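**Student:** What would the 3D arrangement of this be:
(2 chains)
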Protein chains: 2
Amino acid sequence: MPTRLSSYFLRTLREDPSDAEVTSHRLLVRAGYIRRQAPGIFAWLPIGLRVKNKIETIVREEMAESGAFEVHFPALLPREPYEVTGRWDEYGDGLFRLQDRKGSDLLLAPTHEEVFTLLVKDLYNSYKDLPLSIYQIQDKYRDEARPRAGLLRGREFTMKDAYSFDYTDAGLDLSYQAQRDAYERIFTRLGLEYVIVKADAGAMGGSRSEEFLHPTPIGEDTFVRSAGGYAANVEAFTTLVPPVIDWTALPAAEVHDTPDTPTIQTLVDSANANHPRTDGREWTAADTLKNIVLALTNLDGTRELVIVGVPGDRDVDLKRAEVVFAPAEVEAANPGDLAKHPGLVTGYIGPWAPAGAVLGDTSATGIRYLVDPRVVDGTAWITGANENGRHVFGLVAGRDFAVDGTAEVANVRAGDPAPDGSGPVELARGVEIGHVFQLGRKYAEALGLKVLDENGKLVTVTMGSYGIGITRILALLAELNNDPKGLIWPVSVAPFDVHVIAAGRDEIVFETAAAVAATLEATGREVLYDDRRKVSPGVKFGDAELIGVPQIVIVGRGAVDGIVELWDRRTGERIQCAVDNLGAHFA
Amino acid sequence: MPTRLSSYFLRTLREDPSDAEVTSHRLLVRAGYIRRQAPGIFAWLPIGLRVKNKIETIVREEMAESGAFEVHFPALLPREPYEVTGRWDEYGDGLFRLQDRKGSDLLLAPTHEEVFTLLVKDLYNSYKDLPLSIYQIQDKYRDEARPRAGLLRGREFTMKDAYSFDYTDAGLDLSYQAQRDAYERIFTRLGLEYVIVKADAGAMGGSRSEEFLHPTPIGEDTFVRSAGGYAANVEAFTTLVPPVIDWTALPAAEVHDTPDTPTIQTLVDSANANHPRTDGREWTAADTLKNIVLALTNLDGTRELVIVGVPGDRDVDLKRAEVVFAPAEVEAANPGDLAKHPGLVTGYIGPWAPAGAVLGDTSATGIRYLVDPRVVDGTAWITGANENGRHVFGLVAGRDFAVDGTAEVANVRAGDPAPDGSGPVELARGVEIGHVFQLGRKYAEALGLKVLDENGKLVTVTMGSYGIGITRILALLAELNNDPKGLIWPVSVAPFDVHVIAAGRDEIVFETAAAVAATLEATGREVLYDDRRKVSPGVKFGDAELIGVPQIVIVGRGAVDGIVELWDRRTGERIQCAVDNLGAHFA
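**Tutor:** Here you go, the predicted model:
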């Protein structure tokens, strides 16, 4: 039976919703797909649910193809397993926590690694049981600080999350590849362009990790890619480390008065004016070493300072720094932090000092000193002399100062060389649509998931975790497929295959339209039939454009002659067609 | 493709789970359908999800047939709408409440009347839009004091909840009937016997209300039914009120010393010994009027006493009292309550006293006095005289004492007459499997849902609410369909249609079994194929019995001759069958 618009629970709105920040949110609300219930929390109306179900069906089919089995976990879970892995605390304010009437701690799960691990521990005990991949399609919760962009970043959202279980690293690689392949098939079927980028492991721990990003200027994530095929999100980008330099011929470092040079630009200007290079070039910001004090807040609440040295032409990228220092939170040190260390002279901090604290020697300062990977042994720098108004010139790494390690905290720039030698990278923005992730043994170790191997020895299981945001993908498809008049769904997820419009007042119009709708439905298409009697053709056309079913059949005046119009929503093309030939057009 | 047990994510357990209180819980865990995550919170394993999906499909089909549209609301909702209707407080400890990072109050919805009402208010404004019925299948939450019996009473559970919207009472009757009819079809398809009983309106408010109960001794609900067709749950049962009696010929009441008669039995014995009836019969408990002090805790936390008078051969049924006094909580008054009213002499409380407090006159005591409906004017009673060791005999209602009203708080007994004159009732137990409910205008009024009627006048919408517990039904089906060896699913919800067992070691057995499984699957059956190589036929048979697929095909030694065995799980009957004739057996 075709769905008749006269009685269908669908109302389009003429006005944009006042709280819509992005096109997808605006159109999905206006066209009657979703309604907001609270910030980042939405209800699905019948036509929206149809699209969501189609995406879920594609995901289910490809999960089955990959050999994964579907299960379903509750959203409401006890604290204990998340306590064991540390995530109860690590999630911070992002986790919805609550208590039951007996005072037991519960949470609304943001992801389900812990309970999947425990489930497999409960059921399996031998290597013969493995490999195993299981998944669910389930509503998840994250208490986002700023739920925004409609469904693109909600507080309740539907995810497909899969988990793989193996007892060897090679097995994990295969399971990972199977999920990765399934993701490629899913996004291809959805008509969603994607880039697979190296991703940082983040709070999850683990080793190999890749994100599927859809490249779009509206994306929240920044990633880099080289013409030679390298791709990574900015957090995961690693610097191509230059070779060390022989310092034997380099002159000794010299301290110069550099009054009023608290910034890199004033320092460079002063250096060129008063201490010009001898090779005829000018000093640039890249010749300076900028030392920045960061404050880390560890999980246990303690505050720790760390100093990072980066070339003066770069800034610290706090998102990259967060990955380096996870799970600690990172921010710039505040005056109160600095006041506790009078040896640090703001604007003139450096890894060398004639007397007193020396960076790179924590026994002296109690503060770790980490540098950008470009600061290799033998590189010479202009940097602070730890005295007000003085800098040291020609300070050579390895010769004149030591470091506690390197840290990938400097910002990434277009033109930076890809670490795999595949050439300079460009920066782009994208929306994360999938994530595949080798968790390794972190969760299995924490929760005691072991199996007996071929030799009867207990070995810890190694896991992968694989996520696709169903509701985010739906929003993204809406974001990508529209024009000023409304949505234009890809065929694979369209709520209906055909939208039949009775455009006229004569009975023959309604009779023909009803017959066309019934015939199309009987031959396997899902049909939305606009059978409304007191609505003008103009309003019906507007609604059809807003709703966005890709194929529209207009039954109008031509009905008396057995002629209807086929309207391609995407191209706008309209062609006449005999009713009797309709079947051929929908072959 | 048949599902192969060798790689399927399913493990049966030899042992019963230690926390299983009922058969369904025990078998669903042992057979690998579900796993407990926390009290009253379960995860669904692949085979369990299959059964759940089948039940949901039946419900969806019948909802579509009834004309209802599917939507989907979030579980996490803001406090405000529930505050407006009073349910934020009324639900008491049964509601999971939480706060987000900004301190906004949220809840995990136990039902969704409020947000469905607001959705329709958002989209509709004319009588022409009505009637409308919309539903969802969704995971709900209630913080049960004692989650028990596995899925039969969980804290997270899947429900189908539907809501109807009309602008006339006659329209509501039609919408209600359509849902009621759909429920009858659903339970018939599920093979679930049901009784439709009159139900109390409870915390929901509203008018017509019926429960679908499955009669079973393990049920939590008690209901009554008469041979003449009356059926009601005990809370909704109403007393057939006897006619009033002419009291003009009745003697005056007399006070007698009745020392040491604080209980009904001691009172009756004392009365027969010292003050025998003049008509030759004996006094019985039914001749006495027992007055019981109840303490009500109102929603605002205030505590109020009320006295109820019931014939001495009956007790107060607290569940019935809760309906009478809802939303207040009811309990027996404690000594502290009574100490505040020295006029109430425990064991000798009555509606009459020579001096001092008189029940039935709240201006004197501040306590309401309500009586059982059988205490009609002209009935004469032995009851307390409000003095220690004294009772009054022949106290006539209406003549000697007044009341503040009647209250249906007395327990119901087998043999009590049905209120509709259809004869004596019997008591039975049942499990609630569905509830249809005329909410009336309560929610629409509270939340301002009005539409314009034919005359352009704004009228408040009238609503119905209709619920089916999907997970409870699944548990009940498991509870009803099993034997000591395991589950026996009805065909309509079985996880698979056929369970094929390769019972032997020879290659021909596995070849034949694989071919049989593939053929059955290719002809439209869902097949579970036990292809495990190192598992004995005995273990396979045991697993098949535990798992409970209704039709089993055993491929064993007969395979060489093209013969297999068909095993009916329910009857236990096994018959030989040529492989080539299998199709006919599954027609």
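**Student:** And what about the residue lying closest to A:Thr3 once chain neighbours are set aside, helix, strand or coil?
**Tutor:** Spatial nearest neighbour of A:Thr3, chain neighbours left out: A:Leu528 (5.2 Å); criterion: C-beta to C-beta, 6 or more residues apart in numbering or on different chains. Backbone N, C-alpha and C define where each C-beta goes, glycine included. Assigned with DSSP: H, G, I helix; E, B strand; the rest coil, A:Leu528 falls in the strand class.
**Student:** What helix or strand is the most centrally placed residue in chain A located in?
**Tutor:** Chain A has A:Glu432 as the residue nearest its centroid, 3.4 Å off, counting by C-alpha atoms, centre = their mean. The secondary structure element spanning A:Glu432 is strand A:425-440 (assigned by DSSP states H and E).
**Student:** near chain B at all, the helix or strand following that strand?
**Tutor:** Heading C-terminal from strand A:425-440, the first helix or strand you meet, by DSSP H and E, is helix A:442-447. No. Taking C-beta under 8 Å from any C-beta of the partner chain as the criterion, helix A:442-447 and chain B are apart, separated by no less than 13.7 Å.
**Student:** helices or strands next to the next helix or strand after helix A:442-447 in the packing?
**Tutor:** Along the chain past helix A:442-447, the next helix or strand (assigned with DSSP H and E) turns out to be strand A:450-452. When contacts are defined as 3 or more C-beta pairs under 8 Å, 6 or more residues apart in numbering or on different chains; DSSP states H and E, strand A:450-452 packs onto strand A:458-460.
**Student:** and the strand or helix carrying A:Lys140, how far out from the chain's middle?
**Tutor:** Per DSSP H and E, A:Lys140 falls inside strand A:132-141. Offset of strand A:132-141 from its chain centre (C-alpha atoms, centre = their mean, to the nearest Å): 18 Å.
**Student:** Partner strands of it and their direction?
**Tutor:** If you go by DSSP bridges, strand A:132-141 pairs up with strand A:69-70 (parallel), strand A:156-166 (antiparallel).
**Student:** wait, which of the ones you listed is closest to A:Thr111?
**Tutor:** A:Thr111 sits nearest to strand A:156-166 of all the strands paired with strand A:132-141, at 5.9 Å, using C-beta to C-beta.
**Student:** buried stuff in stretch A:212-221?
**Tutor:** In terms of neighbour count (16 or more other C-beta atoms under 10 Å in any protein chain shown), stretch A:212-221 has its buried residues at A:Phe212, A:Leu213, A:His214, A:Pro215, A:Ile218, A:Gly219, A:Asp221.
**Student:** tell me the mean pLDDT for stretch A:344-356?
**Tutor:** Stretch A:344-356 carries an average pLDDT of 76.
**Student:** Just put the buried residues of stretch A:212-221 in a markdown table and tack on secondary structure.
**Tutor:** Output for those, formatted as a markdown table (three-state DSSP):
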| residue | secondary structure |
| --- | --- |
| A:Phe212 | strand |
| A:Leu213 | strand |
| A:His214 | strand |
| A:Pro215 | strand |
| A:Ile218 | coil |
| A:Gly219 | coil |
| A:Asp221 | strand |
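**Student:** Of those, just say which sits nearest to chain B.
**Tutor:** Nearest to chain B among the buried residues of stretch A:212-221 is A:Asp221, at 22.4 Å by C-beta to the nearest C-beta.
**Student:** I figured the closest one hits A:Arg429, correct?
**Tutor:** Yes. At 6.8 Å, A:Asp221 counts as touching A:Arg429 under the criterion of C-beta atoms under 8 Å.
**Student:** Which one of the residues in the stretch 451-587 of chain A is closest to chain B?
**Tutor:** For the stretch 451-587 of chain A and chain B, the shortest gap (C-beta to the nearest C-beta) falls at A:Lys534, measuring 8.8 Å.
**Student:** Which per-residue confidence value corresponds to that residue?
**Tutor:** The model's pLDDT for A:Lys534 equals 91.
**Student:** element containing it?
**Tutor:** Of the helices and strands defined by DSSP H and E, none includes A:Lys534.
**Student:** all helices of the stretch 1-150 of chain A, in order?
**Tutor:** Read by DSSP state H, counting those that start in this stretch, the stretch 1-150 of chain A holds these helices, from start to end of the chain: A:23-30, A:46-65, A:80-84, A:87-90, A:113-123.
**Student:** what separates A:Val234 from A:Thr302, distance-wise?
**Tutor:** In this structure, A:Val234 lies at 28 Å from A:Thr302, with C-beta to C-beta, to the nearest Å as the measure.
**Student:** Who has more neighbours out of these two?
**Tutor:** A count of neighbours by other C-beta atoms under 10 Å in any protein chain shown puts A:Val234 above the other of A:Val234 and A:Thr302, at 19 against 9.
**Student:** For that one, which non-adjacent residue is closest in space?
**Tutor:** The shortest distance from A:Val234 to any residue other than its chain neighbours is 4.6 Å, reached at A:Thr222 (C-beta to C-beta, 6+ apart).
**Student:** residues near that neighbour, how many?
**Tutor:** The burial count assigned to A:Thr222 is 18, neighbours taken as other C-beta under 10 Å.
**Student:** again with A:Ala522
**Tutor:** A:Ala522 is surrounded by 11 other residues when neighbours are defined as other C-beta under 10 Å.
**Student:** Same question for the one 4 residues further on.
**Tutor:** The criterion is other C-beta under 10 Å. On that basis, A:Glu526 has 16 neighbouring residues.
**Student:** ok, it touching A:Phe496?
**Tutor:** Yes. With contact defined as C-beta under 8 Å, A:Glu526 counts as touching A:Phe496 (4.7 Å).
**Student:** where do the contact lists of these two overlap?
**Tutor:** Contact with both A:Glu526 and A:Phe496 is made by residues A:Thr3, A:Arg50, according to C-beta atoms under 8 Å, 6 or more residues apart in numbering or on different chains.
**Student:** Closest residue of the stretch 151-300 of chain A to chain B?
**Tutor:** Evaluated by C-beta to the nearest C-beta, the stretch 151-300 of chain A has A:Glu156 as its residue closest to chain B, separated by 4.7 Å.
**Student:** rewinding a little: would you tell me which one of the strands paired with strand A:132-141 is buried the most?
**Tutor:** Most buried of the strands paired with strand A:132-141 by mean neighbour count (mean count of other C-beta atoms under 10 Å in any protein chain shown) is strand A:156-166; its value is a mean of 25.
**Student:** pLDDT averaged over that strand - what is it?
**Tutor:** Across strand A:156-166, the average pLDDT comes to 97.
**Student:** now swap in stretch A:101-110 and tell me
**Tutor:** Taken as a whole, stretch A:101-110 has an average pLDDT of 95.
**Student:** Flag every buried residue along it.
**Tutor:** For stretch A:101-110, using 16+ other C-beta under 10 Å, the buried residues are A:Leu106, A:Leu107, A:Leu108, A:Ala109, A:Pro110.
**Student:** Same question for stretch A:438-455.
**Tutor:** Using 16+ other C-beta under 10 Å as the burial criterion, the residues of stretch A:438-455 that qualify are A:438-447, A:449-451.
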